[in-house]
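Chemist: give me a 3D structure for the following:
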Amino acid sequence: MAREGYSNIAIILGITIILTLISFFSGGSLYWKIPSMVSGLLLLFTLYFFRDPEREVKQNPNHVLSPGDGVIVEIKDVDDDYVGEAQKITMFLSPLNVHINRVPISGKITSVNYKYGAFKAAYAEDASEVNEQSMVTMENDLMKIKFAQIAGALARRIINYLREEDQVIQGERYGMIKFGSRMDVTIPRTAEVLVELKEPVRGGLTVLAKMD
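Modeler: Residues are numbered from 1 along each chain as shown. Coordinates of the predicted model:
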């Protein structure tokens, strides 16, 4: 279970217990039984959402791993102020996906920037530009990359534990986005992209691209 969900789970568990007790002592009145059942279902969903499965990450310095679970919704060439001539791979994470985020490559964090913005639906075409997001740049001996956690209509809380100058290992956990989101990964244009549009990906397991 992801530690980021402890507070959410505790609050909903408390509400569920209170409603269940009230329902019990009121003789099972539907007036209280229905809210207690709804709260119980919400508790089950919250437990499911904050799951954090262990994964066997196969580290490879030539690979860029997916930072999250989701579906690829866009792959396009861009000119990036940090990476240079680049390709941006975008994935959409539904509320049913695992939302723990993992570092795509091993190396040094060169910047972490938080940008306040809108909360458009994560699948909106311009969500990468206008939505609230946490942007990270990093590099190693082979490449520079940029990756971003992007808020959506439901996702109002971005958690990122990375700090500038951190030395990180490919596949390690670094944060999450609560309740539906989008992620961008910007890589050098010389990298070979290994995923396609509408392809499902898994954080720390799916290889998005590789450098020769």
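Chemist: could you chop the protein up by domain?
Modeler: Using automatic domain parsing, the domain parsing of the chain gives 3-49, 63-210.
Chemist: rank those domains by pLDDT, which is bottom?
Modeler: Per-stretch mean pLDDT for those is lowest at domain 3-49 (a mean of 82).
Chemist: work out for me the element the residue sitting furthest away from the middle of the chain sits within.
Modeler: Within the chain, the residue lying farthest from the chain centre (C-alpha atoms, centre = their mean) is residue 27, at 43.4 Å. For residue 27, there is no enclosing helix or strand under DSSP states H and E.
Chemist: gap between it and residue 164?
Modeler: According to C-beta to C-beta, to the nearest Å, residue 27 stands 60 Å off from residue 164. Backbone N, C-alpha and C define where each C-beta goes, glycine included.
Chemist: just residue 70 next, same as before
Modeler: 26 Å.
Chemist: just residue 98 next, same as before
Modeler: Residue 98 is 27 Å from residue 164, by C-beta to C-beta.
Chemist: export the domains of the chain as TSV, with columns for distance to residue 57.
Modeler: Below are the domains of the chain laid out as TSV (distance: least, C-beta to C-beta, whole Å):
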stretch	distance to residue 57
domain 3-49	19
domain 63-210	3
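Chemist: those domains: which one's closest to residue 55?
Modeler: domain 63-210 (5.0 Å; C-beta to C-beta).
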